[in-house]
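Asks: The following block contains a protein sequence and its predicted model.
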Amino acid sequence: LTNDFISALTQKRIALIRELTSNSNADIKLLTVDEYLKLLHKLLYSLNQQPPVAVNGVMSFEWNGPITSNEEYYKSNDLMYEMVMVMHTKAVIHSMVASNYSMQATSIANAAQQFIYSANVMDNIANNLLPKLVNRPSNHKQQPPPELQANVCNALTNYFKSSAQQMTICKALIKEGGSAHLL
């Protein structure tokens with residue numbers, strides 16, 4: 001890992017924060033999340049491929065996640081925490097894109113696909129990412145955000161799946177001469 005890479009990662013995270021707090025549309029937010037995720041994956045891959053090394057400083061990640069209701073930021077030094085929170089954000093943004101699509105009768109199938117993507121991301125968080133967290137919430141004085149709870153991820157998985165099913169039903173109703181706003 002080079003200083004240039006760490007600098008690029010830091011700049012992308014700043015860009016992500018700026019984008020998430022802006023009024024831009026969900027598609028732009030999604031592109032920014034994806035760019036940052038690529039760098040996070042590259043960092044994780046690099047760390048897994050090299051022998052352990054001494055680190056000059058400690059990375060600290062702070063989030064007030066997409067479903068967190070309080071204004072307090074949860075902090076962790078665990079890179080997997082950063083990955084979980086970014087993936088949560090990605091799933092929520094995909095659901096925003098799906099909601100936008102659902103308003104247009106010609107885009108109902110796209111809405112269903114976006115909801116399915118959100119469901120798959122949440123399922124991945126619950127079953128693959130959360131078990132890899134090193135600093136479990138019990139190590140913190142703060143209450144962990146709901147994004148770190150498997151039952152919340154599972155509930156969101158089911159919600160997004162049911163939303164996709166609703167879009168499928170809506171598409172069928174439209175084919176039969178109904179309205180997209182029946183549901």
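Replies: Thanks, I have it. Numbers count the residues shown, from 1 in each chain.
Asks: When you work out contacts or count neighbours from here on, use the C-alpha atoms and nothing else.
Replies: Noted.
Asks: Identify each buried residue in the longest helix belonging to the chain, please.
Replies: Criterion DSSP state H: the longest helix present in the chain is helix 150-175. Residues of helix 150-175 classed as buried by neighbour count (16 or more other Cα atoms under 10 Å): 150, 153-154, 156-158, 160-164, 166-171, 173-174.
Asks: can you pull out the helices in the chain?
Replies: 3-20, 26-49, 79-102, 108-124, 150-175.
Asks: Let's have these in a markdown table, adding mean pLDDT and distance to Trp63.
Replies: Listed next are these as a markdown table, based on pLDDT from 0 to 100; distance: least, Cα to Cα, whole Å:
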| stretch | mean pLDDT | distance to Trp63 |
| --- | --- | --- |
| helix 3-20 | 88 | 10 |
| helix 26-49 | 88 | 14 |
| helix 79-102 | 90 | 7 |
| helix 108-124 | 94 | 17 |
| helix 150-175 | 90 | 17 |
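Asks: so what's Leu39 closest to, chain neighbours aside?
Replies: Once flanking residues are discounted, Leu39 sits nearest to Leu9: 6.2 Å by Cα to Cα, 6 or more residues apart in numbering.
Asks: ok, the one you found - contacts?
Replies: Tyr36, Leu39, Leu40 (Cα atoms under 8 Å, 6 or more residues apart in numbering).
Asks: Please report the distance of it from Gln104.
Replies: Remark: distance between Leu9 and Gln104 (Cα to Cα, to the nearest Å) = 37 Å.
Asks: cool, Glu82 as well?
Replies: 34 Å.
Asks: and the longest helix of the chain, how far from the chain's centre?
Replies: Taking Cα atoms, centre = their mean, to the nearest Å, the mean C-alpha location of helix 150-175 is offset from the chain mean by 17 Å.
Asks: what's the answer for stretch 17-29, then?
Replies: 13 Å.
Asks: and stretch 83-97, C-alpha only, in PDB?
Replies: The C-alpha coordinates for stretch 83-97 follow below in PDB (Å, rounded to 0.1, in the frame of the first residue of the first chain):
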ATOM      1  CA  MET A  83     -17.400  -2.000   4.600                       C
ATOM      2  CA  VAL A  84     -20.700  -2.900   6.400                       C
ATOM      3  CA  MET A  85     -21.800   0.800   6.600                       C
ATOM      4  CA  VAL A  86     -20.900   1.500   3.000                       C
ATOM      5  CA  MET A  87     -22.800  -1.600   1.800                       C
ATOM      6  CA  HIS A  88     -25.800  -0.500   3.900                       C
ATOM      7  CA  THR A  89     -25.700   2.800   2.300                       C
ATOM      8  CA  LYS A  90     -25.500   1.200  -1.200                       C
ATOM      9  CA  ALA A  91     -28.500  -1.000  -0.400                       C
ATOM     10  CA  VAL A  92     -30.500   2.000   0.800                       C
ATOM     11  CA  ILE A  93     -29.600   4.000  -2.300                       C
ATOM     12  CA  HIS A  94     -30.600   1.200  -4.600                       C
ATOM     13  CA  SER A  95     -34.000   1.200  -2.800                       C
ATOM     14  CA  MET A  96     -34.200   4.900  -3.500                       C
ATOM     15  CA  VAL A  97     -33.500   4.300  -7.200                       C
END
